[in-house]
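Novice: model this:
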Amino acid sequence: MADIKNFARNNTGDFADTALRAAATGFSGGLGAGLRRVTAAATDAAVDRGAQGFAERLKNRKRGQPESATKGAEKEKEGGSKKKMVGTVFWLVFSLTTLKDISDVVADFSVILTFLTPATGIITSFVVAVYFYVNEVEVSTNKIIAYIISVALEFIPFLNAIPTTTIVLLLTKWMENNKEKVAKLSGGISKVVNKFKTPRRVAT
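Specialist: Numbering: from 1, shown residues only. Reported below is the predicted structural model:
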């Protein structure tokens, strides 16, 4: 009913205008012919108006999704990208890595627990790796190296007391949420390394 009212409200002007024009020019053939011309002209105007309105709405609907996506992208760009590795699940994983690193320190004082440390380290590292995968953490050379080092240290007595798993977790979170800073830092380190690699010319 609302659509009918809106349609009638929007097309009333066209009906009246068309009827007046048809009445002014179409009654020369008699009253019946004039009424037929008025009705036909008003009907044609209504159909044209309705078709144009439908085409416009269809165009807006098709255009709506890209526009909304563009607005969302602009808003995300202005407000910053969405933070990764946040919420309750992160703190659960953080608690797991912390407990695992503390248990490594305790295990160093027991021969039996020392043999169990590598197993617990592998299990915890697997949980962390799955957590990274679920959160779509981008794979980079720095992250792979840090992860390999943390796993390797689990098999070295006393060195496994270093909280490598927790450090890798926090470092990865920081790198994911501060990509611009990481890029600048990597660029600065590369410049320093290249500077030392460049052989110095000895003045003769």
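Novice: Give me the below-cutoff pLDDT ranges for the protein.
Specialist: Where the chain drops to pLDDT under 70, the residues are 1-47, 49-51, 53-54, 58, 60-81, 160, 198-204.
Novice: Now do the domain split for it, please.
Specialist: 2-79, 88-197 (automatic domain parsing).
Novice: List the contacts of the nearest residue to Gly121 once chain neighbours are set aside.
Specialist: Leaving out its chain neighbours, the residue that sits closest to Gly121 by CB to CB, 6 or more residues apart in numbering is Glu154, at 3.4 Å. Backbone N, C-alpha and C define where each C-beta goes, glycine included. Glu154 makes contact with 104, 117-118, 121-122, 125, 160, 164, according to CB atoms under 8 Å, 6 or more residues apart in numbering.
Novice: Just among those, which is most surrounded?
Specialist: Counting neighbours by other CB atoms under 10 Å, the top entry in the contacts of Glu154 is Asp104, with 27 neighbours.
Novice: quick revisit: ok, so what distance separates the residue nearest to Gly121 from Val134?
Specialist: The gap separating Glu154 from Val134 is 23 Å, by CB to CB, to the nearest Å.
Novice: next one: Thr88
Specialist: 14 Å.
Novice: So between these two, which is more surrounded?
Specialist: The neighbour comparison of Thr88 against Val134 (other CB under 10 Å) goes to Val134, with 10 against 7.
Novice: which residues does that one contact?
Specialist: By CB under 8 Å, 6+ apart, the contact set of Val134 is empty.
Novice: So it versus Thr117, what's the distance?
Specialist: Val134 is 26 Å from Thr117, by CB to CB.
Novice: rewinding a little: from the contacts of Glu154, which is closest to Ile145?
Specialist: Thr164 (12.1 Å; CB to CB).
Novice: Was I right to think that closest one contacts Ile149?
Specialist: Yes. Applying CB atoms under 8 Å as the test, Thr164 and Ile149 come out as touching, 6.9 Å apart.
Novice: tell me, how many neighbours does Leu153 end up with?
Specialist: Using other CB under 10 Å, Leu153 has 17 neighbouring residues.
Novice: Cross-check the contact I'm expecting between it and Ile167.
Specialist: No. Contact criterion CB under 8 Å: Leu153 and Ile167 do not qualify, at 10.3 Å.
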